[in-house]
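>>> fold the following and give me the result.
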Amino acid sequence: MARATSSGKCIFCGGTVGKSAMTRHLTTCKLRPPEPAQALSRRRRPTQLYHLVVSSRYAPMYWLHLEAASNATLDDLDDFLRRTWLECCGHLSAFRLGGRAFSSSGADWSWGDDQDLDARLGELLAPGVTLSYEYDFGTTTDLVVKVVGQRDGLTSDQEITLLAGNHPPAIPCESCAQAAARVCTQCVFEGGGWLCKACARKHACGQDMLLPVVNSPRVGMCGYNGPGLAI
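As a prediction, this is how the structure comes out:
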């Protein structure tokens with residue numbers, strides 16, 4: 001798949017912003033609501049909020065900006081990434097930070113004793129910290145989670161909030177250059193297999209090998225058919 005300049009959408013203003021400019025935009029977006037000024041209630045207590053940038057290690061045109069509360073856990077982040085980008089067959093997953101590994105139940109890693117995903121983000125994160133993440137240890141999707149900011153805020157019902165995400169990459173059909181709508185799960189590992197609906201019907205590998213093109217770094221992998229990011 002050819003790489004092109006990536007842009008995405010700010011959740012607050014709906015504007016299109018380039019990948020490299022989105023971090024700065026989110027700190028200055030005029031339509032981003034401020035924290036409420038009223039007295040704190042029992043449900044709204046002070047907390048630290050982390051600005052996370054999640055991107056695909058090998059397909060960097062896929063990216064998310066998230067805000068996560070310090071009381072959120074790695075399990076919360078794992079669940080968010082699965083629901084937004086990854087979940088297909090209930091595969092195992094894991095985060096790695098330095099020499100520490102945190103894995104979903106049953107994962108077997110070669111570099112030592114794993115910890116569970118119940119670790120709170122406030123115990124692990126600070127600006128500049130980078131986590132690696134893997135979903136599915138067979139057909140693996142590799143992500144990088146980088147902390148690009150931290151601020152004082154208030155707790156809410158959502159431990160992790162989407163701030164921005166990439167627009168679907170423009171992927172042409174390899175046969176006719178129309179927009180690809182299907183991808184072959186065999187050819188994709190050789191850098192091909194991107195097909196429009198018409199060309200997909202004639203693809204030599206057969207219809208059973210095709211998956212829909214969705215806005216996710218897991219596109220074409222295993223049995224993933226969405227939802228993918230829709231903003």
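
>>> in the chain, where is pLDDT below threshold?
Within the chain, the ranges that satisfy pLDDT under 70 run 1-4, 36-43, 106-113.

>>> all strands of it, in order?
For the chain, the strands defined by DSSP state E cover 7-10, 16-18, 46-56, 63-69, 93-97, 100-103, 130-135, 141-154, 160-166, 182-184, 194-195, 210-212.

>>> D114 reaches A101, doesn't it?
Yes: using Cβ atoms under 8 Å, D114 makes contact with A101 at a distance of 4.6 Å. C-betas here are computed from N, CA, C, even on glycine.

>>> which residues do those two both contact?
A94 (Cβ atoms under 8 Å, 6 or more residues apart in numbering).

>>> pop the domain breakdown of the protein in here.
7-18+45-166, 170-225 (automatic domain parsing).

>>> in a markdown table: these, plus distance to L31 and mean neighbour count.
A markdown table is the format used below for the domains of the chain (distance: least, Cβ to Cβ, whole Å; neighbours: other Cβ atoms under 10 Å):
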| stretch | distance to L31 | mean neighbour count |
| --- | --- | --- |
| domain 7-18+45-166 | 4 | 17 |
| domain 170-225 | 23 | 17 |
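
>>> let me know which of the ones you listed is the nearest to P34.
domain 7-18+45-166 (10.1 Å; Cβ to Cβ).

>>> and the end-to-end length of that closest one?
Using Cα to Cα, to the nearest Å, the end-to-end distance of domain 7-18+45-166 comes to 6 Å.

>>> could you do stretch 214-231 as well?
By Cα to Cα, the extent of stretch 214-231 from end to end equals 13 Å.

>>> likewise stretch 199-212?
End-to-end distance for stretch 199-212: 13 Å, by Cα to Cα.

>>> likewise stretch 54-67?
So stretch 54-67: terminal residues 11 Å apart, Cα to Cα.

>>> ok, back up a step: using a markdown table, lay out the strands of the chain together with distance to F80.
Output for the strands of the chain, formatted as a markdown table (distance: least, Cβ to Cβ, whole Å):
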| stretch | distance to F80 |
| --- | --- |
| strand 7-10 | 17 |
| strand 16-18 | 21 |
| strand 46-56 | 9 |
| strand 63-69 | 7 |
| strand 93-97 | 12 |
| strand 100-103 | 15 |
| strand 130-135 | 11 |
| strand 141-154 | 11 |
| strand 160-166 | 5 |
| strand 182-184 | 24 |
| strand 194-195 | 28 |
| strand 210-212 | 22 |
